[in-house]
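Fold the stuff below for me.
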Amino acid sequence: FAHSLEQYLKGFDLTVAAMATPAALERVAFEAAEDARLDGAVLAEFRIAPLLFEPHGIPAEAAVEAMLAGLARSPLPSGLILCGMRHQFDGQVERTGELAARYLGRGVVGFDLAGPEAGFPPARHAATLARVREAGVPITL
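Next up, the predicted model:
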């Protein structure tokens with residue numbers, strides 16, 4: 001039981017480690033889409049922070065491509081919203097924004113600034129958010 005968002009997010013460490021191969025990422029994406037489809041969804045958008053896989057040896061680009069391949073295997077129309085984690089150093093949020101722009105129209109449908117808000121205001125990432133918006137990527141905060 002988490003008493004803060006920061007504690008809750010630490011729980012993702014195990015989940016990320018369990019998905020830290022391209023094959024696992026593809027499978028998880030496919031199964032998520034299929035679960036949504038079988039639940040009656042007609043469209044799904046899945047949020048993922050691709051840079052979280054890099055410490056496990058999976059480049060962010062490879063993580064995105066594996067997940068997009070998994071989503072493409074399902075007949076459910078779906079896409080990825082790439083999350084920049086606001087509490088990580090600014091270069092990582094910027095890289096995630098660049099990935100969102102690069103893969104927009106190829107399965108990526110948006111960019112999200114996620115993570116703990118206290119002490120990490122969105123203004124800290126204003127330049128990245130502006131570049132993402134200029135690239136035509138929908139944004140969610």
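
For the top helix by length along the chain, buried residues please.
Ordering each helix of the chain by length in residues (DSSP state H) puts helix 22-38 first. Of the residues in helix 22-38, those buried under the neighbour-count criterion (16 or more other Cβ atoms under 10 Å) are 22, 25-30, 32-34, 36-37. Bear in mind the C-beta positions are built from the backbone N, C-alpha and C, glycine included.

how about low-confidence regions in the chain?
For the chain, residues meeting the criterion pLDDT under 70 lie at 1-14, 16-17, 90.

Tell me how far the residue nearest in space to the middle of it lies from residue 20.
In the chain, the centroid-proximal residue (Cα atoms, centre = their mean) is residue 48; its distance is 2.1 Å. Distance from residue 48 to residue 20, counting by Cβ to Cβ, to the nearest Å: 13 Å.

Next, count neighbours for residue 43.
Using other Cβ atoms under 10 Å, residue 43 has 11 neighbouring residues.

Assess the claim that it and residue 71 are in contact.
No. Counting by Cβ atoms under 8 Å, residue 71 is not a contact partner of residue 43; they are 11.6 Å apart.

which residues do those two both contact?
Both residue 43 and residue 71 are in contact with residue 78, where contact means Cβ atoms under 8 Å, 6 or more residues apart in numbering.

for the chain, what spans make up the helices?
Here the chain has its helices, by DSSP H, at 5-10, 12-18, 22-38, 60-72, 90-103, 126-134.

quick one, which of the ones you listed is nearest to residue 53?
Proximity to residue 53 (Cβ to Cβ) singles out helix 60-72 among those, at 4.4 Å.

how about the closest one: buried residues?
Buried positions in helix 60-72, judged by neighbour count with 16+ other Cβ under 10 Å: 60, 62-71.

coming back round to it: could I get the contacting residues of the residue nearest to the centre of the chain?
Here residue 48 is in contact with 63, 67, 80-83 (criterion: Cβ under 8 Å, 6+ apart).

Pull the most distant pair out of the residues you listed.
63 and 81 (13.8 Å).

The longest helix of the chain - contacts with which helices or strands?
strand 44-48, helix 60-72 (3 or more Cβ pairs under 8 Å, 6 or more residues apart in numbering; DSSP states H and E).
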